[in-house]
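Chemist: okay, sequence plus prediction incoming.
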Amino acid sequence: MSDPHARDPLKRAAAERAVEFVENRMVLGLGTGSTAAFVVEALARRVAQGLSVVAIPTSEHTAEMARGLGIPLTNFGEHRRIDLAIDGADEVERGTLNLIKGHGGALLREKIVAAASERFIVVVDDEKLVDRLGERFPIPVEIVRFGWQATAAALEKLGTKPELRQTDGRTFITDGGDFILDCPFSSIAQPRQLEQVINMTVGVVENGLFLGRSTAVIVASDNGVDVMTPGAGEKA
Ligand code: 5RP
């Protein structure tokens, strides 16, 4: 089995570059996952040095980590808008910078936070780059538990084979109390249409396609760290 931490130096490098974009007094969105965890760590170091920010976490896991590291948390009751959210992704489509997210199960809160953010910076290592969404990961679809089999059957009509997500032999339950169906769509030519039809399916709460939301993607590879912006290809 490959070392699950082999990409950690790259994830850390992308995360540290992203945290350089954080400014004093910002309201931040904090993502979920192993790369986002490096963001939380790097941010905590800056907070310990005197940076003043508040953050809305995208999962209970991130909330606990941020709290433990001394990052002040807030919520949408106090702040309707977020200045900058930083999060990981499972796939990043070259050029469009469209994403698949949700392998970590936090896609609903992640999408709410991304939608409320002025800027949305995505941090990945170069293994996450794809020519077309769907090449490597299924689309995670969060669904209500009631009637999940009927929802899965309806999604199957879209040309996928939904799998109810399991972790350690148990059905995975999101922070919102829902199930996730992982829906493979080998290469997605029309993601906007697909997003619409998935979300129109009764029982679906949200899906893991993040389209037109990234304002920058920070990609770490063995050659260094690049900041990519939508439509602009890669720049140093
Ligand atoms: C969680 C996510 C994560 O950002 C995504 O799964 C990437 O995680 P990692 O950085 O661990 O590869 O969308 O819902």
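Modeler: Okay, I see it. Quick caveat: nothing in here was measured; it's all calculated off a predicted structure.
Chemist: ok, now which ones touch the nearest residue to I82 once chain neighbours are set aside?
Modeler: Among residues not flanking I82 along the chain, S117 sits closest, at 4.2 Å (CB to CB, 6 or more residues apart in numbering). From N, CA and C alone the C-beta is placed, and that goes for glycine too. Contacts for S117 (CB atoms under 8 Å, 6 or more residues apart in numbering) come out as G29, R81, I82, D83, L84, A85.
Chemist: now those residues: which count as buried?
Modeler: G29, I82, D83, L84, A85 (16 or more other CB atoms under 10 Å).
Chemist: determine the longest helix present in the protein.
Modeler: Counting residues, the longest helix found in the chain (DSSP state H) is helix 34-48.
Chemist: packing partners of that helix?
Modeler: helix 8-19, strand 27-30, helix 60-68, strand 82-87, strand 117-125 (3 or more CB pairs under 8 Å, 6 or more residues apart in numbering; DSSP states H and E).
Chemist: among the ones you listed, which comes closest to the ligand?
Modeler: With CB to the nearest ligand atom as the measure, strand 82-87 is the member of the helices and strands packed on helix 34-48 nearest the ligand (5.4 Å).
Chemist: and the very next helix or strand once past that closest one, which strands flank it?
Modeler: Next along the chain after strand 82-87, taking DSSP states H and E as the criterion, comes strand 91-93. Sheet pairing of strand 91-93 (DSSP bridges) gives strand 99-100 (antiparallel), strand 129-130 (parallel).
Chemist: measure how far the last one is from the centre of its chain, please.
Modeler: In terms of CA atoms, centre = their mean, to the nearest Å, the centre of strand 129-130 is set 15 Å apart from its chain centre.
Chemist: offset the numbering so it begins at 33, please.
Modeler: Done: numbering now begins at 33, and the last item shifts to strand 161-162.
Chemist: go ahead and name everything in contact with it.
Modeler: If you take CB under 8 Å, 6+ apart as the criterion, strand 161-162 is touched by E123, V124, E125, R126, R168, V251.
Chemist: cool, and the first one?
Modeler: Here strand 131-132 makes contact (CB under 8 Å, 6+ apart) with 121-125, 154, 165-166, 169, 171-172, 240-243, 245-246.
Chemist: would you tell me what the next helix or strand after that strand is?
Modeler: Taking DSSP H and E as the definition, the helix or strand right after strand 131-132 is helix 139-147.
Chemist: starting at the chain centroid, how far to that following helix?
Modeler: Offset of helix 139-147 from its chain centre (CA atoms, centre = their mean): 8 Å.
Chemist: list the helices and strands it packs on?
Modeler: Short answer (3+ CB pairs under 8 Å, 6+ apart): helix 139-147 packs on strand 114-119, strand 171-175, strand 236-239, strand 241-242.
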